[in-house]
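1. The following comprises the amino acid sequence and a computationally predicted model.
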Amino acid sequence: MAATTRPSPTLYRVCCNCNAPDADVKCSCLAVYYCGLACQQAHILEHKHECTHLLCKSIKKKDAVISQLQVQGCSDGVASVELMVLEQELARVHYKVGTLMMHSLQPAKYPEAETHFKHALHLYRKVEASRGTLRGAAARAAAGKLADKAADQSLYDTLVDFGQLYGLTCQNDDELQVYQEALQEVRGDIAHASTPQLQRHLSNILSAMGHMYISQYRSQITNGAKGDKRKCTDANALLKEALSIQRAFSQDGMAADTLKILASAHGYLEMFDEARSSLKQALHLARCCDGEESAKVAICHQEMAIICQEQVQAIIKQLYMHMGGARGGGGL
């Protein structure tokens, strides 16, 4: 079990096991609290899958086993498959820890999250390279035991989350490079043999890139700089492609999120009719997926109000420009 420390008793915390207030026993992962060791022990079977402290201990154990197997050597292809299975399992744990640290929204944990993502990518690519060398019985064993690189929480999900981490740390060039690498690779795999899983990964990557461009443009204008609207144009194209895939596979929840980002791109490009149309579609999907009282529905209403306000401001700006031109020409 993870060790515990006792923070200040004046801090208000809720026990993750019994929901009692004023819990003052903090897990070593620094993410959850308990009102006592009894509650921590009762909750451990559930929390161990989300505890970065315990997951990092698991990484050390798996590393030790893999190192021992490598020293002993793999005399045949089947033994090599067993090693590859362990490496793939280790990659999944690195990915899990990286995502947990990223989603903690604690900047101090971001460098460690980056390290875990890099380890995960290295292991995933190593396994894929080794898989390509297998023949006969070893290849059949690998097909039954190794997850495909398009599986959930595998290579492509790692690349998308890695890009998002770079976005959080404002490393724009690195973020773009990760997404471009992922996009090129998934398009290559789809050209070889398209599957629903690969299409889902493609839509995720396209949406992430579109969101990246919109976030960068928003940051530019928020900081008083002249925004590069080419980012909005690029985002518009990427998001439309992602949306077509999501609709084809009935991914309504993801489509609603993509439509909201697409509406932002339309708004920045002053395509207000398209922006309202995207938000209406997003609102409909959000109601179907999450219900009328959901946060997504509320956000759609809020975004719709913002788009209408921006259109009014654009109309007023055009009127002032027209009036100024008329005065200059002697018309007024």
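-> Okay, I see it.
2. What are the neighbouring residues in contact with the residue nearest to the spatial centre of the chain?
-> Closest residue to the average C-alpha location of the chain: Asp161 at 4.2 Å, with C-alpha atoms, centre = their mean. Contact analysis of Asp161 by C-beta atoms under 8 Å, 6 or more residues apart in numbering lists 95, 98-99, 102, 117. The C-beta positions use only the backbone N, C-alpha and C, and glycine is treated the same way.
3. The same query, at a cut-off of 7 Å, please.
-> Under the criterion of C-beta atoms under 7 Å, 6 or more residues apart in numbering, the neighbours of Asp161 are 98-99, 102, 117.
4. Can you tell me which of these is nearest Gln40?
-> Using C-beta to C-beta, Thr99 comes nearest to Gln40 of those, at 23.1 Å.
5. Skip the chain neighbours and tell me the closest residue to that closest one.
-> Asp161 (5.4 Å; C-beta to C-beta, 6 or more residues apart in numbering).
6. pLDDT of the helix or strand where that neighbour lies, averaged?
-> Here Asp161, judged by DSSP states H and E, is contained in helix 155-168. The average pLDDT for helix 155-168 rounds to 94.
7. got it, and stretch 240-256?
-> For stretch 240-256, mean pLDDT is 95.
8. Contacts for the strand or helix carrying Ala64, please.
-> Secondary structure assignment for Ala64, by DSSP H and E: helix 52-72. By C-beta under 7 Å, 6+ apart, the list of residues contacting helix 52-72 from outside reads 2, 27-29, 48, 83, 86-87, 89-90, 93-94, 96-97, 100-101.
9. Among those, which pair sits farthest apart?
-> Maximum pairwise distance in the contacts of helix 52-72, criterion C-beta to C-beta, is 32.5 Å, between Cys27 and Leu83.
10. more crowded one of these two?
-> For Cys27 and Leu83, the more surrounded residue by other C-beta atoms under 10 Å is Cys27, and the numbers stand at 24 against 18.
11. For Ala38, give its distance to Cys18.
-> From Ala38 over to Cys18 the distance is 9 Å, taken as C-beta to C-beta, to the nearest Å.
12. Between the two, which contacts overlap?
-> Common neighbours of Ala38 and Cys18, using C-beta under 7 Å, 6+ apart, do not exist here.
13. and Val25, what are its phi and psi?
-> Main-chain dihedrals, Val25, degrees, to the nearest 10: phi -110, psi 110.
14. So for it, what's the nearest residue that isn't a sequence neighbour?
-> Tyr34 (4.5 Å).
15. re the thing from before, in ChimeraX, how would I select the buried members of the contacts of helix 52-72?
-> Here is the ChimeraX command that selects the buried residues among the contacts of helix 52-72 (16 or more other C-beta atoms under 10 Å):
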select :2,27,28,29,83,86,87,90,93,94,96,97,100,101
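16. Name the member of the contacts of helix 52-72 with the shortest distance to Asp189.
-> Glu87 (20.4 Å).
17. Isn't the closest one up against Val127?
-> Yes - under the criterion of C-beta atoms under 7 Å, Glu87 makes contact with Val127 at 5.4 Å.
18. Is the nearest residue to Ser104 once chain neighbours are set aside in a helix, a strand, or coil?
-> Leaving aside its chain neighbours, Ser104 sits nearest to Ala31 (6.5 Å; criterion: C-beta to C-beta, 6+ apart). Classification of Ala31 by DSSP: H, G, I helix; E, B strand; the rest coil places it in coil.
19. Pull the number of nearby residues for the closest residue to Ser154 other than its chain neighbours.
-> Spatial nearest neighbour of Ser154, chain neighbours left out: Ala147 (6.0 Å); criterion: C-beta to C-beta, 6+ apart. Neighbour count for Ala147, taken as other C-beta under 10 Å: 17.
20. how would you label Ala147: helix, strand or coil?
-> Classification of Ala147 by three-state DSSP places it in coil.
21. What values do phi and psi take at it?
-> phi -70, psi 150.
22. separation between it and Lys62?
-> Distance from Ala147 to Lys62, by C-beta to C-beta: 16 Å.
23. Next: Gly324.
-> 69 Å.
24. Looking at the two, which one has more neighbours?
-> Shown here are Gly324 and Lys62; by other C-beta under 10 Å, Lys62 has more neighbours (18 against 11).
25. Tell me if I am right that Ile245 is in a helix.
-> Yes - secondary structure of Ile245 (three-state DSSP): part of a helix.
26. Give me the nearest residue to it, chain neighbours excluded.
-> With sequence-adjacent residues excluded and distances taken as C-beta to C-beta, 6+ apart, Ile245 is closest to Ser203, at 4.0 Å.
27. can you count the residues close to that neighbour?
-> By other C-beta under 10 Å, 25 other residues sit near Ser203.
28. correct me, but it touches Ala242?
-> Yes - using C-beta under 7 Å, Ser203 is in contact with Ala242, at 4.5 Å.
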